[in-house]
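> need a 3D model of the following:
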Amino acid sequence: MKRFCYKCGALEAEKGPLIQGLCQECFAAEHRLIRVPKGVSTSICKRCGAYMSGNRWQKPTGEEASYEAAVAAVRRDLQVAKSTHAGIQFVRPEESDVELSFEASPAAKDVIVDVRARGKIHELQKEPSVDSAQVLVKLRQTTCDVCSLIRSGYYEAILQVRGEEKLPKSRIAEIKKMLQKRVSDAGEEDAKVFVTKIEEKSEGVDFYVSSLSLARAMATLLKERFHAKIRESSKLIGQERGGKRVFRVSVLARLP
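You can find the predicted model right below:
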């Protein structure tokens, strides 16, 4: 018995194995490879370029933060077609072998993302399906949590760098460069660690640091490099709603 495509009538023997009663061409035409929303919006920090990814802020890895934010927003909501036991369903891109590419371009204050996809929906397909879509991504300019803290002057600890005698300018410059590198490395792993400000004084230099653990790590670096002696002191600055007392810690690193 000859089998044929119920839509165009093509014989299976001529156009390859039928898929769900359709020839190869009709199956590809009937089923889109990707599904994207008509419009997407995402938040991007106007100060540092960080953007919302899920429920957290993500630092951009490239120079064009708005493009990266737009592509991430489209990828978040994009789905690809896949044959399952329950029929053709749309799943997350990571659940399939579909190849995806994204190209972003400006559109006034927003960004247009062109999506191209290539892959097989069903294992019986002889050639992969090809699909494309265009999505307008609206960018909401805001301020991320970290920039809000920096702008407000937030700090949890002060690292005070001092010497037995007055530190020369060259030594202070060396210390600042070394500690700023340490802060930058820590910030790559956790955006919530930063230095709010650096204040040079006649007796040394103060670093206003967002976390006590980072201030201690910076002090340890001074101990390893310059054999500094470390001492801590704390000051009560308030009380949280739950009754927990809040302290601000000063970490003194005295260089011999």
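> doesn't Trp57 belong to a strand?
Yes - note on Trp57: a strand contains this position according to DSSP: H, G, I helix; E, B strand; the rest coil.
> mind listing what it touches?
With contacts taken as CB atoms under 8 Å, 6 or more residues apart in numbering, Trp57 has the following neighbours: Cys45, Ala50, Tyr51, Cys144, Asp145, Val146, Ala191. From N, CA and C alone the C-beta is placed, and that goes for glycine too.
> quick one: it and Tyr51, what's the gap?
Counting by CB to CB, to the nearest Å, the gap between Trp57 and Tyr51 amounts to 7 Å.
> shared neighbours, these two?
When contacts are counted by CB under 8 Å, 6+ apart, the set common to Trp57 and Tyr51 consists of Cys45.
> before we move on, back to that, with distance to Ser210, pLDDT and neighbour count as added columns, please give the contacts of Trp57 in CSV.
What follows is the contacts of Trp57, written out as CSV (distance: CB to CB, whole Å; pLDDT from 0 to 100; neighbours: other CB atoms under 10 Å):
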residue, distance to Ser210, pLDDT, neighbour count
Cys45, 16, 93, 22
Ala50, 15, 92, 24
Tyr51, 21, 92, 24
Cys144, 14, 92, 23
Asp145, 11, 89, 13
Val146, 8, 88, 22
Ala191, 10, 77, 19
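> identify those among those residues that sit within helices.
Assignment to helices by DSSP state H places the following of those there: Asp145, Val146.
> can I get the contacts of Trp57 in JSON lines including distance to Ser105?
Below are the contacts of Trp57 laid out as JSON lines (distance: CB to CB, whole Å):
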{"residue": "Cys45", "distance to Ser105": "21"}
{"residue": "Ala50", "distance to Ser105": "22"}
{"residue": "Tyr51", "distance to Ser105": "17"}
{"residue": "Cys144", "distance to Ser105": "25"}
{"residue": "Asp145", "distance to Ser105": "29"}
{"residue": "Val146", "distance to Ser105": "29"}
{"residue": "Ala191", "distance to Ser105": "28"}
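> of the contacts of Trp57, closest to Pro106?
Distances from these to Pro106 were compared by CB to CB; the smallest belongs to Tyr51, at 16.0 Å.
> list the contacts of that closest one.
Neighbour list for Tyr51: Thr42, Ser43, Ile44, Cys45, Trp57, Gln58, Pro60, Ala65, Glu68, Ala69, Ala72, Ala73 [criterion: CB under 8 Å, 6+ apart].
> please apply the same query to Ile88.
Shown in contact with Ile88 (CB under 8 Å, 6+ apart): His31, Ala81, Lys82, Ile121, His122.
> which pair of these spans the longest distance?
When the contacts of Ile88 are compared pair by pair using CB to CB, the two farthest from each other are His31 and Lys82, 10.3 Å apart.
> give the residue spans of the stretch 101-250 of the chain that score low on pLDDT.
By pLDDT under 70, the low-scoring segments of the stretch 101-250 of the chain are 236-247.
> anything in contact with each of His31 and Lys82?
With the criterion set as CB under 8 Å, 6+ apart, the overlap between the contacts of His31 and Lys82 is Ile88, Ile121.
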